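> Fold the stuff below for me.
(2 chains)
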Amino acid sequence: MKARRRKAATLSRSSAPKVGGRRKPSSTNADTTNALFKRERDELLEQQKATAEVLRLISASSGDLQRVFAAILENATRLCQANFGTLLLCEGDFYRQVAFHNAPPAFVEARRLNPMISMSGSTALARLAATKQPVHIADVASDPAYQTDPQRRSFVIMTGVRTNLAVPMLIDDKLIGAINIYRTEIRPFTDKQIELVKNFAAQAVIAIENTRLLNELRQRTDDLTESLEQQTASSQVLGVIAGSFGQLEPVFQTMLANAIRLCEAKFGLLTLREDHSFRMVAIRSASSDYAAMWKRKSLDVRDHPKAPLARLLTTKQLVDIADLTVESGYFERDPLFVTAVEDAGIRAMLAVPMLKESEVVGAFILYRQEPRPFSNKQIALVQNFSAQAVIAIENTRLLNELRQSLEQQTATAEVLSVISSSPGELVPVFKAMLENAVRICEAELGNLFLHEANTFRSVEMYGATFAHAEAWRHAPVFTVRDHPHFPLARLTESKQVIHIADISAERANTERDSRYVTLLDSAFARTMLLVPMLKDDHLVGAISLYRREVRPFTDKQIALVQNFAAQAVIAIENTRLLGELREFLQQQTATADVLKIISRSTFDLQTVLDTLVKSAAGLCGAAQASIWRPQGMHYRCAAGFGHSVERQAHLESLNLTPSRGTILGRVVLERRPIQVADVLADAEYDVAIARSGGSRALLGVPLLREGAPIGVLILLRPTTEPFNDRQIELAATFADQAVIAIENVRLFDEIQDKSRQLEVASQHKSQFLANMSHELRTPLNAILGYTELMADGIYGELPEKTMAVLKRLESNGRHLLGLINDVLDLSKIEAGQLVLELSDYSLEDIAQTVRSTLEPLAADKKLTFKVEVAAKLPPGHGDGRRLTQVVINLVGNAIKFTDAGEVVITARATDGSFHLSVQDTGPGISAADQGKLFQEFQQADNAITRKKGGTGLGLAISKRIIEMHGGKIWLESQVGQGSTFSFTVPVRVERQVEPA
Amino acid sequence: MSKRILVVEDQEDNRQIIRDLLSATDYEITEAESGEQALEVVAKQRPDLILMDIQLPGIDGYEVTRRIKADPALRSITIIAVTSYALSGEEQKARAAGCDEYVPKPYSPRQLLAKIRQYLP
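Model (predicted):
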């Protein structure tokens, strides 16, 4: 645009308009030249002025082309000294006359009636269209085109034109119009004037272009503005949806407000579909009458099959009606149409379906009071709003569902928390339950019943009127048999939920039952829900809810109450179990306490029995208790609790003979627990005794040891309430504990006794040994003493034969001494009297002692005697003397039983133990005999024993001595391969090991 | 002066043996048949050494030993306990009673003589 402007401007400035004729050079004087220049300059100025004016107009008019064209023509006509001018615009193959200036009115009128001028032919305009060049006709009257064409001719005649200049309006070489100027005289236009008109043509083009572009811009702006408005409207609606938290009213209102505004409607409404009806849920900007009409009654499409909504429902498409008055429904005077048109003034309407998953859930309707259809953009907007409305409705539904769920969850959790926080207490649980149930289910009254043997008892109520509460309070127990038509009664059979929408409809039944009527009236009950409380299909109770209006409970609400019913059952179970547990625990604790006391005072029988009677009385619910023990033929009271001092003293003075006249007697005779329900009513009972105590109910439990009674526990009550199974069991437990305690004492005493006896026996034995020792040794002393003296010649010289005999005597005497020593040793060991004398010793020394003692014996039998003791043996700590005895025994045996070869002693120390072996090349010992060897009095073969001598005690004693050192002794031998006797003892023995 | 030995022994045979044993020596021998008698003899004639049999009727040899050893005037008398009680701990008992030496029965007369000579060279 700017470029063209510049071009035009340039054009107008750069063209040096030539004056029509030539300058006459001759006798023109300076004045003429001046005048000429002045005229030229004035002309130029005028042209500039005209151009500027037109340009200003273009920029100021902003699309008002008529003014621009008028200005152009006016200026062009004036400046070119024409008579009139016209401007035409191309339209296809025609020109359209769009502007005149100064044209003769007849011409103007003619053109007005017929503004289209053909481009064909040879008129100036035709030629212009063909050449796109200016056409300058000096005299149209004489132009053949105008003469032949009647229309042209009439034009000429009408207007009187002679000279005509037509200049094309071109955009990029495309013809868009033309400017015509006419003179009614024959006077051609000058070149300058032609240029000027060309200029104006260019400006006209600019103006047209500007206008076009401006309009485009406007349109685009309009579009954008519209879009923006719609976006704003949408987002506003969405904002309302988001901010409304499930409230649909504000959302719908906002939607309608925006829709009405943006779609230029008069008023609108939103309906929701319910089966065949549409119910108005929001209305805006309508008259109050119209609104009231919709509020009163939903529109049932079956009543108005021609209604737009009916069509909408069937087709699931939008219904766009430009004018209601042309609808057949209106013709047929359907009151719906009539009201709409004549009362509400509706002409155009747009009904858009609200679809959810292809189902019509409602309709969004806009109305205009003029018959103007809605534009596509507007329809699109309303469809948008419809979709959002569906979303809003969905959201609200979900939110409400969520709320409900949450409410129920919270209620359930609340009830559960009450259950867990008040273990064993049912009242707070039932209260919480009913309160929550009534509240969430939107009921007015709740009742909780417990069922027992065909009766129901009202245990808790919530929300009851005074009258209703009183009615139940007076008669809390409802017997099923008496009121068979009561819903509660029906519940016992069906064990199913009973849901009565309107109790008054059941009047047929209730009229028969006055109690029922009273109850219901006092509660103003209409809708009723009765839910059974079941435990393993057994009816435990029921929960009932009432509403004062006829409004059935929803499935969710029923489910909730069933939930509560289950929880109530659990709570009841818990309480029962808890009670049982508590009782059990109490008993266990008491029992444990008693056992503790018993264990602490094991030998204090009296304390134990006292504790037992006290605990038994306490836990078995008895006022008094006593334990009786046999003494000879009678029973005496060993412990008592709960009696007065005098009574206790009296009891302790008694010697009771067991008979059927007393509980004690019966228990002793039958050896099992026995109850007397009422001692005064018992025919067999000893009357005097029965009267004396003041007790009525008695329980006797025997104390049995191996089936025989060793006492009786008696429990007494001043009332005739019998002892239950649990208490009898408990009493039996106490009786058992008493038996244990008594046994313990008895056994303990026995042990004490036996120990004393053993002690005495032991002492006797020691004494005996000492005596034996003395008695045996004394004569031996004389024998050996005298023998020695005789051998020493104290009694004079003796002949060789006598000497030999003497030697034999001595030898036998010594042998006898050895036997006595062995026997005494063994006895000592048996009596546990052999005591090791622990002191330091040297194993090396022992070996050497043995060698020096026994080497002669070995030499006598021509046996090699070797001693192989490891070097640097550690000093030993033990009974050296006894160990020496052992080694002597082993070596002595080896020498005794070996006839040829050698005897070897080896000794070493390993791992804190001494290891000594005596090896011989004797005959060896069979496996069978090896076992016998270490037993007392056994030698492998009695025949050999007799031949070889020896008591056979040696090995047994050796074994004991080694074992008392905490060592081991064993034999390795094979027949024909000699024997090796070995033992180990710890190097250091600090304490002797007691024989097993 | 020859040393005096008191033999306290209730069995005649055993007394005879000692008599015979010591006949070839120059020890003077006195005898007592019981503990009480022994104490009388000791009071009258202080011996240099006592061969004390332990198993005596009445008070036993240990008791006699104790009494003698309790008397400062008699404490220095050597007392050899001779006993046929071969129970363990007997030697300790003897020493505890105050005996200077302990010989178990039956003993070798030779060896007994050697022991006596040890104390009464």
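> Please make it C-alpha for all contacts and neighbour counts, starting now.
Fine.
> residues touching B:Y62, list them.
B:54, B:94, B:97-99 (C-alpha atoms under 8 Å, 6 or more residues apart in numbering or on different chains).
> Please list the residues of the stretch 751-900 of chain A that sit near chain B.
A:770-771, A:773-774, A:777-778, A:780-782, A:784-786, A:788-789, A:794, A:828, A:834-835 (C-alpha under 8 Å from any C-alpha of the partner chain).
> Out of these, name the ones that lie in strands.
Judged by DSSP state E, strands contain none of those.
> Just those residues: which are in helices?
If you go by DSSP state H, these have A:770-771, A:773-774, A:777-778, A:780-782, A:784-786, A:788-789, A:828 in helices.
> quick one: pLDDT of the residue positioned nearest the centre of chain B?
Per C-alpha atoms, centre = their mean, the C-alpha nearest to the average position across chain B is that of B:L51, at 1.6 Å. pLDDT for B:L51: 94.
> Please confirm that A:Y182 is located within a strand.
Yes: checked against DSSP: H, G, I helix; E, B strand; the rest coil, A:Y182 lies within a strand.
> what's the neighbour count on it?
Neighbours of A:Y182 under the rule other C-alpha atoms under 10 Å in any protein chain shown: 29.
> Over to A:E425?
A:E425 has 18 nearby residues by other C-alpha under 10 Å.
> coming back round to it: what are the contacting residues of the strand or helix carrying the residue nearest to the centre of chain B?
Assessed by DSSP states H and E, B:L51 sits inside strand B:49-53. By C-alpha under 8 Å, 6+ apart, the residues outside strand B:49-53 that reach it are B:4-10, B:61, B:77-83, B:120.
> Mind doing that once more with 7 Å?
B:4-9, B:61, B:77-83 (C-alpha atoms under 7 Å, 6 or more residues apart in numbering or on different chains).
> Among the residues you listed, which are located in strands?
The strands, defined by DSSP E, take in B:4-8, B:78-83 from the contacts of strand B:49-53.
> Quickly name whichever of those is closest to chain A.
Distance ranking of the ones in strands among the contacts of strand B:49-53 against chain A, using C-alpha to the nearest C-alpha, places B:T83 first at 7.9 Å.
> Next one: that closest one from B:R117, what distance?
Separation of B:T83 from B:R117 (C-alpha to C-alpha, to the nearest Å) stands at 20 Å.
> which residues does the residue in chain B that chain A sits nearest to contact?
Using C-alpha to the nearest C-alpha, the single residue of chain B nearest to chain A is B:P106, 4.2 Å away. For B:P106, the contact set (C-alpha under 7 Å, 6+ apart) comprises A:777-778, A:780-781, B:84.
> at 10 Å instead, please
Applying C-alpha atoms under 10 Å, 6 or more residues apart in numbering or on different chains to B:P106 gives the contacts A:774, A:776-785, A:814, A:817, B:82-84.
> So which of those residues sits lowest on pLDDT?
A:H774 (77).
> what about that one, how many residues close to it?
19.
> And A:R991, by the same measure?
14.
> Provide the secondary structure category for it.
Three-state call for A:R991 (three-state DSSP): coil.
> what's the pLDDT at it?
For A:R991, the predicted pLDDT is 87.
> Likewise for the one 4 residues further on?
In this model, A:P995 is scored at 59, pLDDT.
> And A:L113, by the same measure?
Predicted confidence (pLDDT) for A:L113: 84.
> Same question for the one 3 residues further on.
In this model, A:M116 is scored at 84, pLDDT.
> repeat for A:L953
At A:L953, pLDDT is 63.
> A:S811 too?
pLDDT, read off for A:S811, is 85.
> Downstream of the strand or helix carrying it, the next helix or strand is which one?
Element membership of A:S811 [criterion: DSSP H and E] is helix A:800-830. Using DSSP H and E, the helix or strand that follows helix A:800-830 towards the C-terminus is strand A:839-841.
> next one: that next one to chain centre, how far?
Relative to the centre of its chain, strand A:839-841 is centred 78 Å away, using C-alpha atoms, centre = their mean, to the nearest Å.
> Likewise for stretch A:577-593?
Using C-alpha atoms, centre = their mean, the offset of stretch A:577-593 from its chain centre is 35 Å.
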